[in-house]
Structure formats: structure tokens, C-alpha cells
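Colleague: here is my input; please provide its structure:
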Amino acid sequence: MAYDLNARVQPFLKEWLHLHDLAENRSRYPHDQPTFRRALFESCLRFSILPPEYNARLIYPTMLSQEVKIIHARSDNLPAMAKYLNRKLHGEVVPRVYTWSFHQLLWTLLAFFHLRKGPGW
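Modeller: Here you go, the predicted model:
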């Protein structure tokens, strides 16, 4: 997230923190995205969302058609992941689909079932 900390952004950040504090008091596992979106949509700020070709959120299967610049994922080796995601065919970056491997899917399912047994579910 990039922003200019100016007189319009500061009230937005304060409102986001306020909304997040309220959500934190109501939920054992609050997320920052819903409160961020509410504060942003109710603000006077202009914003833009980066397309998936630039900003790859790898928690979902995704279509990539250009070189990925920002990778949202957990990895032991992000440079290797970037090389894999931006691989070329005959010297060109071509459209491709990224999806989870069986190993990633298995670990995600196991983590989900483990978390469901915890307090607050």
C-alpha cells in the first residue's frame, strides 16, 4: 500500500484504526480488510487497485498475463517463486494460470481443521 501522509490521509488512517478497534472488541479473530474498505469507501480519498498481472494474490488460483511485480504468498524462497511465476516461453512472458499444488492444498486444509478446534469457533 502506497500513500502520501497528508491532511486527507491522516483522518482516514485514524478512522480505520477506530473501526478496527471496534471490530477487535466484537470478534476474537478480526480482519483488517473489512474495516480498511469501510474507512476508505467512506473517505474522500481517490484510490486504485493494482491488477492481478502486477499484484499476484496467490491464496487463490489466478490468471497471470504479464510479469508479476508483487507476490502475496508465503514461501521459503520468494526469489525462486518469482522466477517460477515469471517464467518465459521462447523468451516471452505468456499468459498462464497459477494454482495450488497438492502439498499446499493439503497443508491449508489441515491448518483449517486445526484452527476450527481452537477457541472462538
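Colleague: so what's the residue count around residue 35?
Modeller: By the criterion of other Cβ atoms under 10 Å, residue 35 has 20 neighbours. Glycine gets a C-beta too; all of them are placed from N, C-alpha and C.
Colleague: what secondary structure does it sit in?
Modeller: Following DSSP: H, G, I helix; E, B strand; the rest coil, we place residue 35 in the helix state.
Colleague: contacting residues for it?
Modeller: 16, 19-20, 22-23 (Cβ atoms under 8 Å, 6 or more residues apart in numbering).
Colleague: what subset of the residues you listed is buried?
Modeller: Those of the contacts of residue 35 that meet the buried threshold are 16, 19-20, by 16 or more other Cβ atoms under 10 Å.
Colleague: would you list every one of the helices in this structure?
Modeller: With DSSP state H as the criterion, the chain has helices at 9-26, 32-41, 78-85, 102-116.
Colleague: which among these is found nearest to residue 63?
Modeller: Ranking the helices of the chain by proximity to residue 63 (Cβ to Cβ) places helix 78-85 first, at 11.9 Å.
Colleague: care to break this protein down by domain?
Modeller: Following automatic domain parsing, the chain resolves into domains at 1-48, 55-116.
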